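Chemist: Need the 3D shape of this:
(chains A, B, C and D)
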There are 2 protein chains.
Amino acid sequence: MSTAQRTTQCTTLSATLSATLAVSTVIFALRPVEKHDDAASGVMTLWLPLVRRTSDPHRNQWALPGGWLPNHEELAAAAARTLRETTSLTPTYLEQLYTFGAIGRSPGRRVVSVVYWALVKSDEAAQVAVGDNVRWFPADSLPQLAFDHNRIVEYALWRLRTKVEYSRIAHSFLGETFTLAQLREVHEAVLHRSIDPANFRRRVEASGDVVETGEFLAGTRHRPPRLYRFNDASPPATPPPSGRRPSDIPARPHSEEAP
Amino acid sequence: MSTAQRTTQCTTLSATLSATLAVSTVIFALRPVEKHDDAASGVMTLWLPLVRRTSDPHRNQWALPGGWLPNHEELAAAAARTLRETTSLTPTYLEQLYTFGAIGRSPGRRVVSVVYWALVKSDEAAQVAVGDNVRWFPADSLPQLAFDHNRIVEYALWRLRTKVEYSRIAHSFLGETFTLAQLREVHEAVLHRSIDPANFRRRVEASGDVVETGEFLAGTRHRPPRLYRFNDASPPATPPPSGRRPSDIPARPHSEEAP
DNA sequence: ACAAAAGTGTTCGCCTTACACCCATGG
DNA sequence: CCATGGGTGTAAGGCGAACACTTTTGT
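Modeler: Here you go, the predicted model:
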């Protein structure tokens, strides 16, 4: 096949079908809420990092990290890569959220965005180099974002809040070991309401999602709390296309792609 | 911009990024299960229509209805159209399921498929013209399908079964009015297990999702059952990006696209 | 000793389940 | 009048919400 032929075919394809494919990610982390005087209070809330656009549709507006999908890269891998390149974060949780493809969503050409959502640990989030083009925003009070990104974040927030109640994704915000109070803080920050410590303890212990380490956390102002660890053996209760159903199909390593 | 320039740019785009975008749909309907002698028993089960591929990757294998995404057509509209063109069905429910884009899923070029799932009413499903290239299959025992379509159907089935328990999509299988026994049949067929009629009645009545019509269904072998109607005023309890959250954002007519 | 957080016990009300029972109609 | 599905009553078990209470540490 000559170059001319290939080029012609491409023109046809691109004119009649073929919108441009992009991948974006909504990243959530828990960070201490700021006081007026830039001191940090102990209370944690949901934040997300945004990047400032440097090119033209919506130049200078804040937007979700993302980029075009390279032909040779898996969807989830592209999400993880663009996320790392723009914010230098590594997610502990990454799942496809939704695909946005309405015709008018990007001025000019048709763009279809496969959007992922990610959770990162608090300590890692603290190390992000913020600058003129990357900044954290409180998830509940965002400025006006580029494209339809406000709606996307809103949907991702809803997804996070509903999913935290029936799955164990809250662990993704925490380190290897944690106290039940810390785990409760995560739930309280995500759902932003207070939770009865006694009932929370019993619910979590009964779920089998955590196991005692035997260790205690030292250095607290008062009685030292037990440290727990995530229980890898308990069932996921959720199957986005690779979090497989119990039976049949052989699981594949680490991606959520079905072939 | 000259034609040459445009063509060159296109070649670049298509070589480095831009996979091809497709839309497919998993369609579910309830149909009476077949007996060995081709008589129909009264029991209903889940079926889905598949089309036989006529072109080359996986030629002659069964596959989900679908097609390439035209540049000027909304995602959901493309799903509804390809579904109508291949099976002449009109869905009463249509929702985005997931986007499958793994590199090896289609031999040759990279294809990213935005997959929808749909429900159609039983009486309409009965009128589908089956032929050599369109046929109904029981959802639980499919042949080997083209591409990754077996996995896609498996995921759609899981989605249907979990969603039927907390939302009112079961109504989408039924007509304008229905008896509680018919509604229960839908649940039983989807979940394939029997449900206590007494408890089911109370649960549904308490949910507020249905209202009595005052009419009764005549012509049954025994006591005539009440007819109910779907209650449009009760809350959706579910928000794929347009099934909006209670508050803030103005609802948009009928599509699930966020702009 | 006292404040404050860790952790335990107990009660209440709601919802689901199981199952016994009555009701209405066609044959 | 009786078989069959429509429809009602009721009691037991599970689970979350509320809240009183005990335990253990640092200061």
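
Chemist: By proximity to DNA strand C, which residue of the stretch 1-150 of chain A wins?
Modeler: Here the stretch 1-150 of chain A gets closest to DNA strand C at one residue, residue A:42, 9.2 Å apart by C-beta to the nearest atom of the strand. (C-beta placed from N, C-alpha, C; glycine too.)

Chemist: Assumed that residue was part of a strand.
Modeler: Yes: according to DSSP: H, G, I helix; E, B strand; the rest coil, residue A:42 belongs to a strand.

Chemist: Let me know how buried it is, in neighbour terms.
Modeler: Applying other C-beta atoms under 10 Å in any protein chain shown, we find 7 residues neighbouring residue A:42.

Chemist: how near is it to residue A:218?
Modeler: For residue A:42, the distance to residue A:218 equals 18 Å [C-beta to C-beta, to the nearest Å].

Chemist: and the residue of the stretch 1-150 of chain A closest to DNA strand C, what is it in contact with?
Modeler: Taking C-beta atoms under 8 Å, 6 or more residues apart in numbering or on different chains, we find residue A:42 in contact with residue A:32.

Chemist: From residue B:111, how far off is it?
Modeler: 50 Å.

Chemist: ok, which stretches of the stretch 101-250 of chain A are strands?
Modeler: With DSSP state E, counting those that start in this stretch applied, the stretch 101-250 of chain A shows strands at A:111-119, A:134-138, A:177-178, A:210-216, A:226-230, listed in chain order.

Chemist: is it possible to export those to CSV including distance to chain B and mean pLDDT?
Modeler: What follows is the strands of the stretch 101-250 of chain A, written out as CSV (distance: least, C-beta to the nearest C-beta, whole Å; pLDDT from 0 to 100):
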stretch, distance to chain B, mean pLDDT
strand A:111-119, 5, 98
strand A:134-138, 16, 96
strand A:177-178, 29, 96
strand A:210-216, 25, 96
strand A:226-230, 24, 97
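
Chemist: Go through the ones you listed and pick out the most buried.
Modeler: strand A:111-119 (a mean of 25; mean count of other C-beta atoms under 10 Å in any protein chain shown).

Chemist: Please save the CA atoms from that one in PDB.
Modeler: Extracted in PDB, the C-alpha atoms of strand A:111-119 (Å, rounded to 0.1, in the frame of the first residue of the first chain):
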ATOM      1  CA  VAL A 111     -13.600  14.800  21.500                       C
ATOM      2  CA  VAL A 112     -14.700  11.700  23.400                       C
ATOM      3  CA  SER A 113     -13.100  11.400  26.800                       C
ATOM      4  CA  VAL A 114     -12.800   8.200  28.800                       C
ATOM      5  CA  VAL A 115     -12.700   9.400  32.300                       C
ATOM      6  CA  TYR A 116     -11.100   7.600  35.200                       C
ATOM      7  CA  TRP A 117     -11.200   8.300  38.900                       C
ATOM      8  CA  ALA A 118      -8.300   7.800  41.300                       C
ATOM      9  CA  LEU A 119      -7.600   7.800  45.000                       C
END
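
Chemist: quick one: that strand to strand B:111-119, angle?
Modeler: Using axes from the mean of the first three to the mean of the last three C-alpha atoms, to 10 degrees, the inter-axis angle of strand A:111-119 relative to strand B:111-119 is 80 degrees.

Chemist: any idea how far the closest residue to residue A:152 other than its chain neighbours is from residue B:31?
Modeler: The shortest distance from residue A:152 to any non-neighbouring residue, by C-beta to C-beta, 6 or more residues apart in numbering or on different chains, is to residue A:115 (5.6 Å). Relative to residue B:31, residue A:115 is positioned 36 Å away (C-beta to C-beta).

Chemist: Residue A:53 too?
Modeler: For residue A:53 relative to residue B:31 (C-beta to C-beta), the value is 51 Å.

Chemist: what's the answer for residue A:70, then?
Modeler: Look at residue A:70 and residue B:31: by C-beta to C-beta, they are 44 Å apart.

Chemist: Check residue A:38 and give its pLDDT.
Modeler: pLDDT, the model's per-residue confidence, is 67 for residue A:38.

Chemist: In the stretch 151-259 of chain A, what residue lies closest to DNA strand C?
Modeler: Proximity of the stretch 151-259 of chain A to DNA strand C (C-beta to the nearest atom of the strand) peaks at residue A:198, 3.0 Å away.

Chemist: Please work out how many residues are found near that residue.
Modeler: Around residue A:198 there are 8 other residues, counting by other C-beta under 10 Å.

Chemist: One more: the one 4 residues further on?
Modeler: Burial of residue A:202, expressed as a neighbour count using other C-beta under 10 Å, amounts to 11.

Chemist: now residue A:132
Modeler: 6.

Chemist: Please apply the same query to residue A:204.
Modeler: Neighbour count of residue A:204, defined by other C-beta under 10 Å: 18.

Chemist: In contact with it, which residues?
Modeler: A:180, A:183, A:210.

Chemist: if we go to 10 Å?
Modeler: Applying C-beta atoms under 10 Å, 6 or more residues apart in numbering or on different chains to residue A:204 gives the contacts A:168, A:170, A:180, A:183-184, A:187, A:210, A:228.

Chemist: can you list the residues you listed in CSV and add distance to residue A:76?
Modeler: CSV is the format used below for these (distance: C-beta to C-beta, whole Å):
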residue, distance to residue A:76
A:168, 20
A:170, 21
A:180, 31
A:183, 26
A:184, 30
A:187, 26
A:210, 27
A:228, 29
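
Chemist: Flag the least confident of those.
Modeler: residue A:168 (92).

Chemist: Tell me which residues touch that one, please.
Modeler: Residues counted as contacts of residue A:168 (C-beta under 10 Å, 6+ apart) are A:183, A:204, A:207-210, A:230-231, A:234-238.

Chemist: And it, how far from chain B?
Modeler: Distance from residue A:168 to chain B, counting by C-beta to the nearest C-beta, to the nearest Å: 17 Å.

Chemist: Could you identify the longest helix within chain A?
Modeler: Criterion DSSP state H: the longest helix present in chain A is helix A:149-166.

Chemist: What parts of the stretch 51-200 of chain A come near chain B?
Modeler: Selection of the stretch 51-200 of chain A residues close to chain B by C-beta under 10 Å from any C-beta of the partner chain yields A:67-78, A:96-106, A:109-110, A:112, A:114-115, A:147-152, A:154-155, A:157-159, A:162.
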